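# take a look and give me a structure for this.
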Amino acid sequence: MRARMEHAAHSGEEDRARFRIETIEDYELATQRIAALDAATRGEDEERERDALIEAVQQWDRKHDDATRWKDRP
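Numbers count the residues shown, from 1 in each chain. Next up, the predicted model:
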């Protein structure tokens, strides 16, 4: 997966991973990983990973939603 994992830039920010999905293949892998994490017993690290992946998928969806994209056009 070529998604980038970013960490808090400044001290004092919440210490959690952030993923940025760059390709449709990354998107598919992220959704598969979320499903795998949902199906398994999770510890704190897995819960944070799952939350970060869900956030990244939601960001991708907002950017690539063809149904609402027309609103962004002049």
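# contacting residues around the strand or helix carrying residue 51?
Assigned by DSSP states H and E, residue 51 belongs to helix 44-63. Contact with helix 44-63 is made by 3, 5, 16-21, 27, 30-31, 33-34, 37-38, 40, 42, as judged by C-beta atoms under 8 Å, 6 or more residues apart in numbering. Bear in mind the C-beta positions are built from the backbone N, C-alpha and C, glycine included.
# just the buried subset of those, please.
Buried members of the contacts of helix 44-63, counted by 16 or more other C-beta atoms under 10 Å: 3, 17-19, 21, 27, 30, 33-34, 37.
# out of the contacts of helix 44-63, which are inside helices?
27, 30-31, 33-34, 37-38 (DSSP state H).
# could I get the buried residue list for stretch 56-70?
56-57, 60.
# could you measure from residue 33 over to residue 46?
10 Å (C-beta to C-beta, to the nearest Å).
# same question but for residue 22, I mixed them up
Taken as C-beta to C-beta, the span from residue 22 to residue 46 is 23 Å.
# for the protein, which helix or strand comes out least confident on mean pLDDT?
strand 4-6 (a mean of 53; mean pLDDT, DSSP states H and E).
# could you list the low-pLDDT ranges of this structure?
By pLDDT under 70, the low-scoring segments of the chain are 1-16, 67-74.
# still on that earlier bit, in a markdown table: the buried residues of stretch 56-70, plus distance to residue 50.
What follows is those, written out as a markdown table (distance: C-beta to C-beta, whole Å):
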| residue | distance to residue 50 |
| --- | --- |
| 56 | 11 |
| 57 | 11 |
| 60 | 16 |
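# quick one: which of these is nearest residue 66?
residue 60 (12.7 Å; C-beta to C-beta).
# measure the closest one to residue 18 for me?
From residue 60 to residue 18 the distance is 13 Å (C-beta to C-beta).
# hang on, the earlier thing: dump the ones in helices among the contacts of helix 44-63 to CSV, plus distance to residue 51.
CSV is the format used below for the ones in helices among the contacts of helix 44-63 (distance: C-beta to C-beta, whole Å):
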residue, distance to residue 51
27, 17
30, 12
31, 14
33, 12
34, 10
37, 10
38, 12
